[in-house]
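Enquirer: My questions are about this predicted structure, shown below with the sequence.
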Amino acid sequence: MSLPMVVAVDPGSAAARAGLVPGDEIVAMAGRAPRDVIEFRLLADEADLDIDVQRGGLELSLHVQKDVGEALGAEVSSAVFDRVQTCDNHCEFCFIYQLPPGLRRSLYLKDDDYRLSFLYGNFTTLTRFTEADLERVVSEGLSPLYVSIHATDPDVRARMLRNRRGATSLRWLRALLDAGVTVHGQVVVCPGVNDGDILDDTLCGVLDRFPDLTSAAAVPLGISRYSNEASMRAHTRDEAAAVIRTVDRWQATFESTVGRRLVFAADEYYLLAGAAFPAEDSYDGFPQHENGIGMARTFAAEFEGRAAQVQGVRSGFFAAVDGAPADGYRAPRATRTEPGQGGPVGVLTGMYGAPVLAPLLAQLGRSDVRVLPVANEFFGGNIAVTGLMVGADVARVLASEPGGHRYLLPDVCLSRGRFLDGLAPSDLPHPVEIVATDGASLRRALGAAA
């Protein structure tokens, strides 16, 4: 178990008054060693507490005088202080197995930790979930959680996870729902594996066993050029259209039986099938916006000056609750820049983003604004989302572009100011303006009134 390190202390806060400083390692709070940031926050919420720390090889005991509920005013370096519950599944479609070598070490960590599900919206298969975990989730109100279902048929699910516990671990989903925990589910649809009749069977299983799920998402698998799984492939146009029809049919069934649509198809399916996105009011508040469900509709609403009613926290790529330390994809994107002055504008985006942006920009009636699609040659395969654009691919596109233009880069492809491949915006052939990844921010950067 590693000790949480204090990385920031608010001036004038209870922590500052007690003498806590950045660099202190927390050994115990009120006599307890916190296991994670959840427990840290619960302990920090108490009135007058003692905090034992290590500082420069010395052990100190600090007394914090504060009211119940008063913020401690200290931030720590990580979300989990004991071992992250790693994933022992070996899914054919797992994207971590498809990463090239040489990236940041944190990108190769496969977690299946319910705490990270609560904190950041990560999906867990529950194959490592225990009675003790259930007790903690219920007693501490760790809700919502996000669960990967993939299939409700036990044999199919076990085969997909390559883990025999996959056949039985959905019993924990039932237990969570019985305890009143809000749960969002997802099905990664793999062509020839769990689509077609099996997808129908899975959604039938949801209706039969888990109708109290808050939402379920059907999302396509991502296949990079580094995949070694011969049976994994991208959806065809007809297969994407078939998934949409299946979801539409089951939405009607869920609406007539449980009073809500419950299941939704990812935006990529509509792009792949060349189909129109559903109406904005058919997403039931966009409960899985961060999972790519209804992002196009919310972006359009924001761009057109309307506020889309999106449930929950939005971070542009991952959801997070207050107090969860920024890390990995959830870290700050980059310092956003002020809009430039003059010159034609090129809006950089992924291949999936281009058909979403093009009609919106056309509404402006401006000949000086254009979309610059960035094909993802770094990952290859069917990887086309804007969040996975890397510096090398953006640099390739900009290398053939003229100087003196304004180039807008969405912040969703940056983490702590760097792309996934380690390049920084300053490494690009032309200066770029970094813009928050929402429609209103893009419109402001373009200097266009809604």
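Expert: Okay, I see it. Numbers count the residues shown, from 1 in each chain.

Enquirer: how many neighbours does residue 259 have?
Expert: By other Cβ atoms under 10 Å, the residues close to residue 259 number 9. Any C-beta I mention is one placed from the backbone N, CA and C, and that applies to glycine too.

Enquirer: That one and residue 142: what is the separation?
Expert: As judged by Cβ to Cβ, to the nearest Å, residue 259 and residue 142 stand 26 Å apart.

Enquirer: what's the answer for residue 35, then?
Expert: Taken as Cβ to Cβ, the span from residue 35 to residue 142 is 13 Å.

Enquirer: quick one, which of those two is more surrounded?
Expert: Taking neighbours as other Cβ under 10 Å, residue 35 and residue 142 compare with residue 142 leading, 19 against 16.

Enquirer: Quick check: chain neighbours aside, which residue is closest to the more buried one?
Expert: residue 118 (4.4 Å; Cβ to Cβ, 6 or more residues apart in numbering).

Enquirer: Quick check: which helices or strands does the one helix or strand the one you found maps to pack against?
Expert: If you go by DSSP states H and E, residue 118 is part of helix 114-120. For helix 114-120, the elements it packs on are helix 37-44, helix 131-140, strand 145-148, judged by 3 or more Cβ pairs under 8 Å, 6 or more residues apart in numbering; DSSP states H and E.

Enquirer: quick check: mean pLDDT across it?
Expert: Average pLDDT, helix 114-120: 91.

Enquirer: quick one: contacts for residue 284?
Expert: Applying Cβ atoms under 8 Å, 6 or more residues apart in numbering to residue 284 gives the contacts 215, 260-261, 264.

Enquirer: rerun that using 6 Å as the cut-off
Expert: 260-261 (Cβ atoms under 6 Å, 6 or more residues apart in numbering).

Enquirer: again, but for residue 181
Expert: Residue 181 sits next to residue 143 when contact means Cβ under 6 Å, 6+ apart.

Enquirer: if I read this right, residue 405 contacts residue 343, doesn't it?
Expert: Yes - Residue 405 is within contact range of residue 343, at 5.1 Å (criterion: Cβ atoms under 6 Å).

Enquirer: hmm, back to that, burial check on the residue nearest to residue 142, number of neighbours?
Expert: Neighbours of residue 118 (other Cβ under 10 Å): 24.

Enquirer: And residue 47, by the same measure?
Expert: 12.

Enquirer: i'd like the first residue to be 18 from this point on
Expert: Renumbered: residue one is now 18, and that last one reads residue 64.

Enquirer: To which secondary structure element is it assigned?
Expert: Assigned by DSSP H and E, residue 64 belongs to neither a helix nor a strand.

Enquirer: how close does it get to residue 52?
Expert: Distance, residue 64 to residue 52, by Cβ to Cβ: 22 Å.

Enquirer: those strands in the stretch 118-267 of the chain, which residues are they?
Expert: All strands of the stretch 118-267 of the chain, identified by DSSP state E, counting those that start in this stretch, fall at 162-165, 200-206, 232-237.

Enquirer: what about stretch 111-124, distance to the chain center?
Expert: 16 Å (Cα atoms, centre = their mean, to the nearest Å).

Enquirer: what's in contact with that stretch?
Expert: Residues contacting stretch 111-124 (Cβ under 6 Å, 6+ apart): 127, 239, 241, 243-244, 345.

Enquirer: So which of those residues is the closest to residue 415?
Expert: residue 241 (22.8 Å; Cβ to Cβ).
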